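Enquirer: what would the 3D arrangement of this be:
(chains A and B)
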Amino acid sequence: MTNTAILIGAIVFWLAAWYANTRLAAMRPERGPMVTVINLAIPVLFGAAILALWEGITRGFGVPTVILPPPSMIWERITSSVPTLWADFQQTYLKGVVSGYLIGCSLGFLVAVLVDRSPFWKAGVMPIGNLVSALPIVGIAPIMVMWFGFDWQSKAAVVVVMTFFPMLVNTVAGLNAAGHMERDLMHTYASTRTQSLLKLRLPAAMPFIFNALKINSTLALIGAIVAEFFGTPIVGMGFRISAEVGRLNVDMVWATIFVAALAGSLSYGAIALVERSVTFWHPSMRSERP
Amino acid sequence: MIRTRILPILTVVAAIIAVWYAFAVVLNAPFERSAAERAGETISFTEIVPRTMGQQRPVLPAPHQVAVEIWETTAEKSITSKRSLIYHAWVTLSATLLGFMMGTALGILLAVGIVHSRVLDKSMMPWVITSQTIPILALAPMIIVVFNSVGVTGLLPKALISTYLSFFPVAVGMVKGLRSPETMHMDLMHTYSANRSQTFWKLRWPSSVPFLFTSMKIGIAASLVGAIVGELPTGAVAGLGARLLAGSYYGQTVQIWSALLVAAILAGLLVGLIGWIGGWLNRRMGVREARA
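Expert: This is a model prediction of the structure:
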């Protein structure tokens, strides 16, 4: 009986949210704080409606928790198992992802700067780098687990390889982004190669480099989690997912996915923030400020 | 053409293969040394080098070992055999293609909805963008196992993961593409008093094609990764992912590397095919270069 009430309540809430959103979207204030409020309120309301519908349907129709647990149950699980989730996060994210990400990105950047000096190597590395970026590199996970053992080092190695190529390709492309006029200007200043690299071409490459950093932040997390499917000590997000799926504790899996999603979007957001302050001159950033 | 493009690529490929051989010698040498030590012999470097190329379970197989393994498991096995890599590649490819097609269709539909409805745009678009920052692949084992528990097995669960992965790049790319017509062109359609569907089919849709193919290239690469990872949690049944897993269980490094290489070739072919179709279509439609 109460479950039916929950279902009806969820549907009513969903319809109300939908109606509110149509009204909000129909209001088109020109500028000012109202724009921000509306742009924030609509997606939040939409997300809340989806959650309510999820809760209502899973409870109302009595969907087995093995298939899809209601959000309230997932949240309960998250709050009740913070130490486990924190240990997994530490193992996968703080050890595997961060170290691999830093090494992979800086290696890709360094190789790109080196390759950039020679047109011959650039012409050879670019097509291959582009190709490799599209390959299913996660597949090297079993090999890395064999080479570097079960602990986080093997996960970091997978992340290094996965993040290397997007960084390499984007940096090389970015270093060519400076226009002819600007380069000629540097030439008339009799600037050396290093000077024009540091003062013109690297700053001009920043939008590309940040693009790679953003792509890599997601790739790194995927690489570390998938690598844990191939072998791991009994801690880590990928281990938790595959182990709890095996025991059909689906709510714990969702809790881990929630942590992964949070980590993914927070690191992406952090990089986007840094990007905004570094590449403030770029048209895509400028247009956001009236 | 040959000197400025092919030669550099060949040089880099040659360099990669040379480095690969060098690493094969360095990484496989300790095994030979300890084997010789146990036999009570001393072994010189020139004796080690050829032996590192022919180990049964090398730490890093030499390129020609992998090539021989691929040749034996593709050309010399019948396609229906469970040991044929072509069979496993087909299992993976079918899931990839099915998922990719569903994902692309869904992505285009969502993009059309977002472009035409302000409510959808405002409420869905932030979530679509956020979902790109989430390691979606982490969901894969759960989708497989949950579908298994309901009794749905085989192609469909894997294809759903591929759908999910190719859906978002296509949706984001198509929204950009359908919005790419310039204000001038939109105004021209307006002066012709074109209705919404006319504007869509005659202006928005054609100008979104370059964007569609750019995002489809990302989508199909993601689909393949999804299908391979989707094969892991069911245990080593069939498919390239299963070959990877079986290889890592039994320490068959040559098998892992050959599955990996076949997956890479498959990805290269798929991305190349889509790029080629896109380029051909763009030329037919008079687009000079993809602007995405």
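Enquirer: and the helices in the chain?
Expert: Going with chain A. Assigned by DSSP state H, the helices in chain A fall at A:2-26, A:33-60, A:71-80, A:82-89, A:98-115, A:119-133, A:141-148, A:152-175, A:180-188, A:193-196, A:202-228, A:237-246, A:250-278, A:283-286.
Enquirer: other chain: chain B
Expert: Ranges of helices in chain B, per DSSP H, are B:7-38, B:45-52, B:63-74, B:85-116, B:118-131, B:140-150, B:155-178, B:183-191, B:196-199, B:205-230, B:240-250, B:253-284.
Enquirer: rebuild the helices of chain A as a markdown table, extending it with distance to residue B:198 and mean neighbour count.
Expert: Quick note: C-beta positions are derived from backbone N, CA and C, even for glycine. A markdown table is the format used below for the helices of chain A (distance: least, Cβ to Cβ, whole Å; neighbours: other Cβ atoms under 10 Å in any protein chain shown):
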| stretch | distance to residue B:198 | mean neighbour count |
| --- | --- | --- |
| helix A:2-26 | 25 | 15 |
| helix A:33-60 | 29 | 17 |
| helix A:71-80 | 43 | 16 |
| helix A:82-89 | 53 | 16 |
| helix A:98-115 | 47 | 20 |
| helix A:119-133 | 38 | 19 |
| helix A:141-148 | 50 | 22 |
| helix A:152-175 | 38 | 25 |
| helix A:180-188 | 42 | 11 |
| helix A:193-196 | 51 | 12 |
| helix A:202-228 | 36 | 24 |
| helix A:237-246 | 49 | 23 |
| helix A:250-278 | 38 | 19 |
| helix A:283-286 | 31 | 10 |
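Enquirer: among those, which comes closest to residue B:124?
Expert: helix A:33-60 (7.0 Å; Cβ to Cβ).
Enquirer: about what we covered before: I'd like the helices of chain A laid out as TSV, including distance to chain B.
Expert: Listed next are the helices of chain A as TSV, based on distance: least, Cβ to the nearest Cβ, whole Å:
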stretch	distance to chain B
helix A:2-26	4
helix A:33-60	4
helix A:71-80	12
helix A:82-89	12
helix A:98-115	10
helix A:119-133	3
helix A:141-148	3
helix A:152-175	11
helix A:180-188	19
helix A:193-196	21
helix A:202-228	4
helix A:237-246	5
helix A:250-278	4
helix A:283-286	12
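Enquirer: compare those and say which comes out lowest on pLDDT.
Expert: Of all those, the minimum mean pLDDT falls on helix A:283-286 (a mean of 66).
Enquirer: find the nearest non-adjacent residue to residue B:157, please.
Expert: In space, and not counting its chain neighbours, residue B:157 is closest to residue B:147: 4.1 Å by Cβ to Cβ, 6 or more residues apart in numbering or on different chains.
Enquirer: and what of residue A:132?
Expert: Excluding the flanking residues, the one nearest residue A:132 by Cβ to Cβ, 6+ apart is residue A:165, at 4.7 Å.
Enquirer: the one you found: what's it in contact with?
Expert: Residue A:165 makes contact with A:108, A:129, A:132, A:133, A:137, according to Cβ atoms under 8 Å, 6 or more residues apart in numbering or on different chains.
Enquirer: do the same with residue A:11
Expert: Neighbours of residue A:11 in contact, by Cβ under 8 Å, 6+ apart: A:53, A:56.
Enquirer: picking up where we left off before, nearest to residue A:23, out of the helices of chain B?
Expert: Across those, residue A:23 has its closest neighbour in helix B:118-131 (9.4 Å, Cβ to Cβ).
Enquirer: so is the closest one next to chain A?
Expert: Yes. Contact of helix B:118-131 with chain A (Cβ under 8 Å from any Cβ of the partner chain) involves B:118, B:119, B:121, B:122, B:123, B:124, B:125, B:126, B:127, B:130.
Enquirer: what's the neighbour count on the fourth one?
Expert: When neighbours are counted by other Cβ atoms under 10 Å in any protein chain shown, residue B:122 registers 21.
Enquirer: for the first one, same thing?
Expert: Using other Cβ under 10 Å, the number of residues around residue B:118 comes to 16.
Enquirer: so residue B:77 makes contact with residue B:83?
Expert: Yes. In this structure residue B:77 lies within contact range of residue B:83 using Cβ atoms under 8 Å: 5.5 Å.
Enquirer: how is chain B divided into domains?
Expert: B:2-60, B:85-284 (automatic domain parsing).
Enquirer: and the first one, how far out from the chain middle?
Expert: On the basis of Cα atoms, centre = their mean, to the nearest Å, the separation between the geometric centre of domain B:2-60 and that of its chain is 28 Å.
Enquirer: and it, anywhere near chain A?
Expert: Yes. Counting by Cβ under 8 Å from any Cβ, chain A has neighbours in domain B:2-60: B:4, B:5, B:7, B:8, B:9, B:10, B:11, B:12, B:13, B:16, B:59.
Enquirer: kindly report the residues of the stretch 101-250 of chain B close to chain A.
Expert: B:118-119, B:121-127, B:130, B:132-139, B:141-142, B:145-146, B:149-150, B:217-218, B:221, B:224-225, B:228-229, B:232-233, B:240-241, B:244-245, B:247-248.
Enquirer: buried ones among those?
Expert: B:118-119, B:121-126, B:130, B:132-139, B:141-142, B:145-146, B:217-218, B:221, B:224-225, B:228-229, B:232-233, B:240-241, B:244-245, B:247-248 (16 or more other Cβ atoms under 10 Å in any protein chain shown).
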